[in-house]
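Peer 1: The sequence and its predicted three-dimensional model are supplied below.
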Protein chains: 2
Amino acid sequence: MMFTTKTEYGLRAMVMLAKNKDSQPLSLTQIAKATHISQAYLEQLFAKLKSNNLVKSSKGSTGGYVLYRPAKKINIFEIVEALDGPMAVFYCVSKESNKIACSVKGCLTKKVWEELQKNIIKTLRKFSLADLV
Amino acid sequence: MMFTTKTEYGLRAMVMLAKNKDSQPLSLTQIAKATHISQAYLEQLFAKLKSNNLVKSSKGSTGGYVLYRPAKKINIFEIVEALDGPMAVFYCVSKESNKIACSVKGCLTKKVWEELQKNIIKTLRKFSLADLV
DNA sequence: ATATAACCAACTAATCTTGTAGGTATTAAA
DNA sequence: TTTAATACCTACAAGATTAGTTGGTTATAT
């Protein structure tokens, strides 16, 4: 029951973007250097961040990444979900649960996971990226 | 960010023990048959449950397992932690965090994980095994 | 043109989860 | 006292996921 390093790394990078007050976007080369995370690995993370509309990119020689929205308008849950995939503490409360057999009628255990999951999401939504800067 | 099947299986088995109104303890053979979980795998789970004082065992021909305490006195967090290991949503808030370098002074991200973790534990403690029966 | 950047897909390495195999020790009951 | 059923133990193996690498291409400011 732990988040992956993807989440950790991505979050660190997002904090860097939030702190960046330059007129220029921040390149992965710069981020890799500062965080000691391999640039190729960062690329994969940023693909996810971008497809979830959390960052936008510009190509070319002065290119790089900037936040898609102001840091205050990005909450931590969005970042976590973009990087780690849809939140599901158990199969029975995942969005793909129809695939897996959990047809137990009135299963009381499920209620625990539902409440837990709601709670996690609520907590993560409470914090914005700006809160981490 | 998902609990393992260890937790799922162990919890199912614990519910069975809680439901067992026989004078006899429940054997792993019986649990394995009812849940379709391999008996050898259940053995490993019960080793953890036992060392965490959640069940007690009796050997011999009519042996098996019973709850260590009444179901009402066992909360879900205890079971989850026994099976899945100490709760830590991130390395920086794990009990072994001294091993891993997270010496960032006044790291704001950590506060998020601390609050999240507290919340998870609180939610899981709120439910007892008796609530699932 | 050239250098620097994003972007892309496939592969490899490492780790963790899940499960198996083969045995010993204990004990109620025949 | 034998037998059958049980817990208990350790090491291994298969499978899945995570983490990271490699070798490219496409785009763009200088």
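Peer 2: Received the coordinates, thanks.
Peer 1: Pass me the low-pLDDT residue ranges in chain A, would you?
Peer 2: Along chain A, the model assigns pLDDT under 70 to residues A:96-105.
Peer 1: Spell out which residues of it are next to DNA strand D.
Peer 2: A:4-6, A:9, A:37-38, A:40-41, A:43-44, A:58-63 (C-beta under 7 Å from any atom of the strand). From N, CA and C alone the C-beta is placed, and that goes for glycine too.
Peer 1: The residues you listed in strands, which ones?
Peer 2: A:Ser58 (DSSP state E).
Peer 1: In chain A, what residue lies closest to DNA strand D?
Peer 2: Nearest residue of chain A to DNA strand D: A:Gly60, at 2.5 Å (C-beta to the nearest atom of the strand).
Peer 1: Which strands or helices does the longest helix that chain A contains pack on?
Peer 2: Ordering each helix of chain A by length in residues (DSSP state H) puts helix A:108-126 first. Counting contacts by 3 or more C-beta pairs under 8 Å, 6 or more residues apart in numbering or on different chains; DSSP states H and E, helix A:108-126 is packed against helix A:76-84, helix B:108-126.
Peer 1: quick one: which of these is nearest DNA strand C?
Peer 2: The nearest among those, by C-beta to the nearest atom of the strand, is helix A:76-84 at 13.7 Å.
Peer 1: what about the closest one, near DNA strand C?
Peer 2: No: applying C-beta under 7 Å from any atom of the strand, one finds helix A:76-84 separated from DNA strand C by no less than 13.7 Å.
Peer 1: ok, and what's touching that helix?
Peer 2: A:3-4, A:6-7, A:10-11, A:14, A:45, A:48-49, A:51-52, A:54, A:87, A:121, A:124-125, A:127-129, A:132, B:1, B:112 (C-beta atoms under 8 Å, 6 or more residues apart in numbering or on different chains).
Peer 1: Which of the helices or strands spans the residue lying closest to A:Ala13 once chain neighbours are set aside?
Peer 2: Spatial nearest neighbour of A:Ala13, excluding adjacent residues (C-beta to C-beta, 6 or more residues apart in numbering or on different chains): A:Ile31 at 5.3 Å. Counting by DSSP states H and E, the element that carries A:Ile31 is helix A:28-35.
Peer 1: Now do that helix: which elements does it pack against?
Peer 2: Using 3+ C-beta pairs under 8 Å, 6+ apart, helix A:28-35 sits against helix A:5-19, helix A:39-51, strand A:64-67.
Peer 1: Which among those is found nearest to B:Lys73?
Peer 2: Across the helices and strands packed on helix A:28-35, B:Lys73 has its closest neighbour in helix A:5-19 (35.6 Å, C-beta to C-beta).
Peer 1: Contact residues of chain A facing DNA strand C?
Peer 2: A:27-30, A:40, A:43-44, A:46-47, A:50, A:57-65.
Peer 1: how does it look with 10 Å?
Peer 2: Residues of chain A found near DNA strand C (C-beta under 10 Å from any atom of the strand) are A:1-2, A:4, A:24-33, A:39-44, A:46-47, A:49-51, A:55-65, A:91.
Peer 1: ok, of these, which come out buried?
Peer 2: Buried members of these, scored by 16 or more other C-beta atoms under 10 Å in any protein chain shown, are A:1-2, A:25-28, A:30-32, A:42, A:46, A:49, A:55, A:57, A:64-65, A:91.
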